[in-house]
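Chemist: kindly generate the corresponding structure for this input.
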Amino acid sequence: MYTSFYDSPVGRLTLASDGEALTGLWVEGQKYYLGGLKELPPRREDLPVFAQAKDWLDRYFAGEKPRPGELPLRPEGSGFRKMIWRYLTEIPYGELTTYKELARRAAAELQGIDMHTGAGAVCRRTMSAQAVGGAVGHNPISIVIPCHRVVGTDGSLTGYAAGLDIKRKLLALEGVWLVDG
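Modeler: Okay, the predicted model is just below:
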């Protein structure tokens, strides 16, 4: 594991990589900083993945709309968390979803229901928005995997591991303005 740093409009970001893919991106001091890492891995600025990630971040903070799929990502987590993080990568720039909607999608996927056609088994399984919130909150690749685009059912600004002020700034950058919940 290796790290690099990026000074952004929302604070210093720590990037982590296994040498090939981005495995972490945290705002310094955020909740769950460094994820499961016990200590900060050695700094290595010459990795191509860090150059790609910094270019992605430059474009993002310049108001462009880079997509998460432009970077090699390898977040570590349970199958459930990876499913939720995959959903997050599908939220378009400047758009929002709710914890409840993510929970509905997860329950449907676990039951094998096609969300577009409704085909498949009758969905008897439910998923709590709180379980989804836990997965969203533990997202190890903040900003790139856009957990800041998830809001409360009533559209209110709720929860963000790096703090609501940073969530507000990221959403404002994307042209989204919300009230606190």
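Chemist: can you count the residues close to Thr3?
Modeler: 20 (other CB atoms under 10 Å). In this view, the C-beta of every residue, glycine as well, is placed from N, C-alpha and C.
Chemist: isn't it right up against Arg44?
Modeler: Yes: contact criterion CB atoms under 8 Å: Thr3 and Arg44 qualify, at 7.2 Å.
Chemist: what sits in contact with each of the two?
Modeler: Here Thr3 and Arg44 share the contacting residues Ser17, scored by CB atoms under 8 Å, 6 or more residues apart in numbering.
Chemist: where in this structure is pLDDT low?
Modeler: Counting by pLDDT under 70, the chain shows low-confidence ranges at 112-126, 178-181.
Chemist: show me it divided up by domain.
Modeler: Listed by automatic domain parsing, the domain ranges of the chain are 2-70, 79-173.
Chemist: look up phi and psi at the closest residue to Gly11 other than its chain neighbours.
Modeler: Nearest non-adjacent residue to Gly11, counting by CB to CB, 6 or more residues apart in numbering: Val27, 5.1 Å away. Note on Val27: backbone dihedrals following degrees, to the nearest 10 are phi -80, psi 130.
Chemist: number of nearby residues for Leu171?
Modeler: Leu171 sits with 20 neighbouring residues when counted by other CB under 10 Å.
Chemist: what spatial separation is found between it and Val151?
Modeler: Noted for Leu171: a distance of 9 Å to Val151, by CB to CB, to the nearest Å.
Chemist: again, but for Ala162
Modeler: Distance from Ala162 to Val151, counting by CB to CB: 15 Å.
Chemist: looking at those two, which is more packed in?
Modeler: Taking neighbours as other CB under 10 Å, Ala162 and Val151 compare with Ala162 leading, 24 against 21.
Chemist: the more buried one looks like it's in a strand, true?
Modeler: No: read with DSSP: H, G, I helix; E, B strand; the rest coil, Ala162 is coil and lies in no strand.
Chemist: who touches the most centrally placed residue in the chain in this structure?
Modeler: When CA atoms, centre = their mean is applied to the chain, the residue found nearest the centroid is Ile145 (3.0 Å). Each residue near Ile145 by CB under 8 Å, 6+ apart is listed here: Pro68, Leu73, Pro75, Trp85, Leu88, Thr89, Asn139.
Chemist: where along the protein do the strands fall?
Modeler: 2-8, 11-17, 22-27, 97-98, 150-151 (DSSP state E).
Chemist: who touches the residue lying closest to Trp177 once chain neighbours are set aside in this structure?
Modeler: Leaving out its chain neighbours, the residue that sits closest to Trp177 by CB to CB, 6+ apart is Leu171, at 7.2 Å. Going by CB under 8 Å, 6+ apart, Leu171 touches Leu96, His148, Arg149, Leu157, Trp177, Leu178.
Chemist: need the contact list for Gln30.
Modeler: Neighbour list for Gln30: Ser142, Ala161, Ala162, Gly163, Ile166 [criterion: CB under 8 Å, 6+ apart].
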